[in-house]
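Participant: generate coordinates for the sequence data below:
(2 chains)
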Amino acid sequence: MPVRSDGMVSAHDYLVSPPADLPLRVNRGGAASLIEIDSVHRIYGTGPGACSALLGITAEIREGAFVALAGPSGSGKTTLLNLIGALDSPTSGSIRVRGRDLAGMSESVISRFRLHKLGFVFQDFNLVPVMTVAENIEFPMLFRHDLSPINRQRRVSNILERVGLEEKRQRRPSQLSGGERQRVALARALAGEPEILLADEPTAHLDQETGARAIALMRSWNRDYGTTFLYSTHDAGLVAMADHILNLRGGRLQEDSA
Amino acid sequence: MNLFFRLALRNVFRNRLRSLVALLAIAAGCAALIVNGGIVFNIFRELREDAILGQYGHIQIFKRGYSSGHLQDPERYLMTPAEVARIENLARADRRIIEATRRRGFSGLIAREDRYVPFFGLAVEPEADADLSRHVTLRAGGPLSGGNPYGVLAGLGLAKKLNGKIGDELNLIISTQSGELNAVHVRLQGIFEGGIKEYDDWTLKVPLPVTEHLLDGRTEQIVLLLNRTDEVPEVRQELESAFRRDGLELETRSWSELAIFYNQVVSLFGKELGFLRLIIGTIVILAIGNAIGMSIVERHIELATFRALGVRARSVAGLLLAEALLVGLMGAGLGAAFGIGIAYLVSAIGIAYPSPPGSTRPFLGGVDVVPRLVVASFVVSLGASLVSAIVPVWRATRMPISGTLRGGAR
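Facilitator: Sure thing, here's the model as predicted:
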């Protein structure tokens, strides 16, 4: 399989013949490497009942990329996102963020990494029902010593303005529509100004139009701030909105579409 | 209020019924400790007052060596009138001492008609002794009087043994130091009940002139009554310093050293109170532990989300412990209010007790509100609610994040 001068494999070639040992690079105009996934396996359980969720994933994601993680249910999308987010550890292989292996980090360093560098959007949004919209967004920032209360409030206001929920800042999640909850979850993830935002099926509970708007919101943030986005979806329309696609099937990486 | 504590407070009321049950469990435990402890302290206080105002006063002063040697050689440990005068002068100079009175113990036989009954005699100054006999009930006749130096009071049990009635003439026969017999003719002026059976069965109270007639004018002990019981250690220490300074060879004993029955009861009930605290603490721990455990199970996705967002395990633990602390504070506060309210209510009505072991009379008790007991009950209840949270919180912080989130996404 031909390798280009910049070390990348073309999507067409990758589709025809997926490389066994060559890293798949998700690039954004020559940006620096941000996430390196190297021969990652994730097997749940042991013995005959063991379940292999990921089978030797190798990929590289560069700064500022807008990546869709595509594939049917059970293909390993959530598992891969959890591994990149250091919510889980690979059975073998390694994941490095800015060259640092996540497996070598202590619990406190990993927490700090998640708090400062990562943002998460969950399929079910996972908002705290007893907190208002503004409190849900502010809560993770409470644990950041680099942010004063005024800074936190400013960030909350800015992000609410950006996602168009400023007037609903005092509402509880139960008083919002699905699309609004999704935007609150996105706002919570972005308020900390992370380098990487991981979104696991963020549009699963939304209609196609609302889902597309959510992805568009993410896209505009990606363009404006250069935040790296990885979102999983099995909606072909939403996949098409990405710059790059990592297609998973049965725990293996299938293709890369630019 | 900080968002962290705001969230903790809201979580407490997330499941109102469960929180109410948890609060009531803590409140009931705290109130039970306060009320039970208050009853015990009320009994202690009654017994203490009985001991002080019925027998021992607050401080007793003896010749040095009396405690260890008077049974072998009682004559050796008697105070002369000159020594007594110096002690009384010291006592009069101290405003905390409201009474200082002489006493002398002796023993002998009471002869009435053809009966001879052994007795323990207590010679007192009639007027001064009245203050030290406030917890002694006069069952028949009148009190001792300086104007009637040969009128005596018999304990209820002793009077029964004598089959004595008010106005009966009695002969007191004693053996002097030289071994001779001496006797004095007295009249039964009253029958008293001190509340301690042993005391009532053997004691004959006589005015000091009786012993001056039978024995001599020396004094065995000087009994001091203070304004306040809690001043005993301080006054005692100062008196002992004064005795040393003045060259008086004396020793002192406090009521608590002399009141053996009181000490036994305090020891017994003190252990019971400690055991009860343990039981109530355990019940509270189990009740709250279950409530907190349930709350954590219900919120496991939320807690895993916090972890995924970068909140450290110890911060999540802090949040859960803050919730337990709030439940504990509210429950213990409610319990303290309930406990104090119940104590006042019950005290207003009164608790009719039968005669306790060793006592001869029933009494009407109440529930004392003891500040340090209220504080201790509050702390125990609060501590129990915090301790109960430890295991569920520890388990919550050990939950695998991805597995928990995956489970919640079903």
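Participant: show me where the stretch 51-200 of chain B has its helices.
Facilitator: Counting by DSSP state H, counting those that start in this stretch, the stretch 51-200 of chain B has helices at residues B:66-69, B:81-92, B:126-131, B:156-162, B:197-202.
Participant: output the contacting helices and strands for the third one.
Facilitator: Read that as helix B:126-131. Contact partners of helix B:126-131 among helices and strands, from 3 or more Cβ pairs under 8 Å, 6 or more residues apart in numbering or on different chains; DSSP states H and E: strand B:97-112. C-beta here means a position set from N, CA and C on the backbone, and glycine is covered the same way.
Participant: the residue of the stretch 101-250 of chain A at minimum distance from chain B: what secondary structure?
Facilitator: Going by Cβ to the nearest Cβ, chain B is nearest to A:L115 of the stretch 101-250 of chain A, at 2.7 Å. Under DSSP: H, G, I helix; E, B strand; the rest coil, A:L115 falls in the helix class.
Participant: just the pLDDT for it.
Facilitator: Model confidence at A:L115, given as pLDDT, is 93.
Participant: excluding chain neighbours, what is closest to it?
Facilitator: The shortest distance from A:L115 to any non-neighbouring residue, by Cβ to Cβ, 6 or more residues apart in numbering or on different chains, is to B:G310 (2.7 Å).
Participant: and that neighbour, helix, strand or coil?
Facilitator: coil.
Participant: okay, now residue 227: neighbour count?
Facilitator: The chain I'm using is chain A. 21 (other Cβ atoms under 10 Å in any protein chain shown).
Participant: switch to chain B, please.
Facilitator: Neighbour number of B:N227 under other Cβ under 10 Å is 12.
Participant: scan chain B for its longest helix.
Facilitator: helix B:260-298 (DSSP state H).
Participant: right, is that helix up against chain A?
Facilitator: No - judged by Cβ under 8 Å from any Cβ of the partner chain, helix B:260-298 and chain A are separated, with a smallest distance of 11.2 Å.
Participant: what helices or strands is that helix leaning on?
Facilitator: Short answer (3+ Cβ pairs under 8 Å, 6+ apart): helix B:260-298 packs on helix B:16-51, helix B:313-349, helix B:371-397.
Participant: buried ones in that helix?
Facilitator: By neighbour count on 16 or more other Cβ atoms under 10 Å in any protein chain shown, the buried set for helix B:260-298 is B:261-262, B:265-266, B:269, B:273, B:276-277, B:280-281, B:283-285, B:287-293, B:295-296.
Participant: equivalent analysis for stretch B:400-410, please.
Facilitator: Here stretch B:400-410 shows B:401-402, B:404-406, B:408 as buried, counting by 16+ other Cβ under 10 Å.
Participant: could you give the angle of the helix or strand hosting B:E240 to strand B:97-112?
Facilitator: Per DSSP states H and E, B:E240 falls inside helix B:232-245. Counting by axes from the mean of the first three to the mean of the last three Cα atoms, to 10 degrees, helix B:232-245 lies at 90 degrees to strand B:97-112.
Participant: in this structure the residue nearest to A:L115 contacts A:L142, no?
Facilitator: No - the criterion here is Cβ atoms under 8 Å, and B:G310 misses it with A:L142 at 10.7 Å.
Participant: need the helices for chain A, in chain order.
Facilitator: Using DSSP H, helices in chain A cover A:11-16, A:77-84, A:107-117, A:133-138, A:149-163, A:178-191, A:208-225, A:236-239.
Participant: quick one: mean pLDDT for the fifth one?
Facilitator: The average of the pLDDT scores along helix A:149-163 is 92.
Participant: that one and chain B in contact?
Facilitator: No - residues of helix A:149-163 are not located near chain B by Cβ under 8 Å from any Cβ, the shortest gap being 9.1 Å.
Participant: can I get that helix as PDB, trimmed to CA atoms?
Facilitator: The C-alpha trace of helix A:149-163 is given here as PDB (Å, rounded to 0.1, in the frame of the first residue of the first chain):
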ATOM      1  CA  PRO A 149     -15.600  32.200  40.800                       C
ATOM      2  CA  ILE A 150     -15.900  35.300  38.500                       C
ATOM      3  CA  ASN A 151     -14.000  33.500  35.700                       C
ATOM      4  CA  ARG A 152     -16.300  30.500  36.100                       C
ATOM      5  CA  GLN A 153     -19.400  32.700  35.900                       C
ATOM      6  CA  ARG A 154     -18.100  34.500  32.900                       C
ATOM      7  CA  ARG A 155     -17.400  31.200  31.200                       C
ATOM      8  CA  VAL A 156     -20.900  30.000  32.000                       C
ATOM      9  CA  SER A 157     -22.500  33.100  30.600                       C
ATOM     10  CA  ASN A 158     -20.300  33.000  27.500                       C
ATOM     11  CA  ILE A 159     -21.000  29.400  26.700                       C
ATOM     12  CA  LEU A 160     -24.700  29.800  27.400                       C
ATOM     13  CA  GLU A 161     -24.800  32.700  25.000                       C
ATOM     14  CA  ARG A 162     -23.000  30.600  22.400                       C
ATOM     15  CA  VAL A 163     -25.400  27.600  22.700                       C
END
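Participant: burial count for the closest residue to chain A within the stretch 301-410 of chain B?
Facilitator: Residue of the stretch 301-410 of chain B nearest chain A, by Cβ to the nearest Cβ: B:G310 (2.7 Å). Residues near B:G310, counting by other Cβ under 10 Å, number 26.
Participant: repeat for B:S381
Facilitator: Neighbour tally, B:S381, other Cβ under 10 Å: 33.
Participant: picking that back up, chain A next: which of the buried residues of stretch B:400-410 are close?
Facilitator: B:401-402, B:405-406, B:408.
Participant: one step back: deepest-packed of the helices and strands packed on helix B:260-298, please.
Facilitator: helix B:16-51 (a mean of 21; mean count of other Cβ atoms under 10 Å in any protein chain shown).
Participant: for the stretch 1-150 of chain B, which residues are neighbours of chain A?
Facilitator: Counting by Cβ under 8 Å from any Cβ, the stretch 1-150 of chain B sits next to chain A at B:2-4, B:6-7, B:10-11, B:14.
Participant: a markdown table for these, including secondary structure, pLDDT and distance to A:I159?
Facilitator: Compiled in a markdown table, the residues of the stretch 1-150 of chain B next to chain A are given as follows (DSSP: H, G, I helix; E, B strand; the rest coil; pLDDT from 0 to 100; distance: Cβ to Cβ, whole Å):
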| residue | secondary structure | pLDDT | distance to A:I159 |
| --- | --- | --- | --- |
| B:N2 | coil | 83 | 21 |
| B:L3 | helix | 83 | 16 |
| B:F4 | helix | 85 | 20 |
| B:R6 | helix | 88 | 20 |
| B:L7 | helix | 90 | 19 |
| B:R10 | helix | 90 | 22 |
| B:N11 | helix | 89 | 25 |
| B:R14 | coil | 86 | 26 |
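Participant: list only buried entries from the residues you listed.
Facilitator: Here, 16+ other Cβ under 10 Å leaves B:3, B:7, B:11 buried among the residues of the stretch 1-150 of chain B next to chain A.
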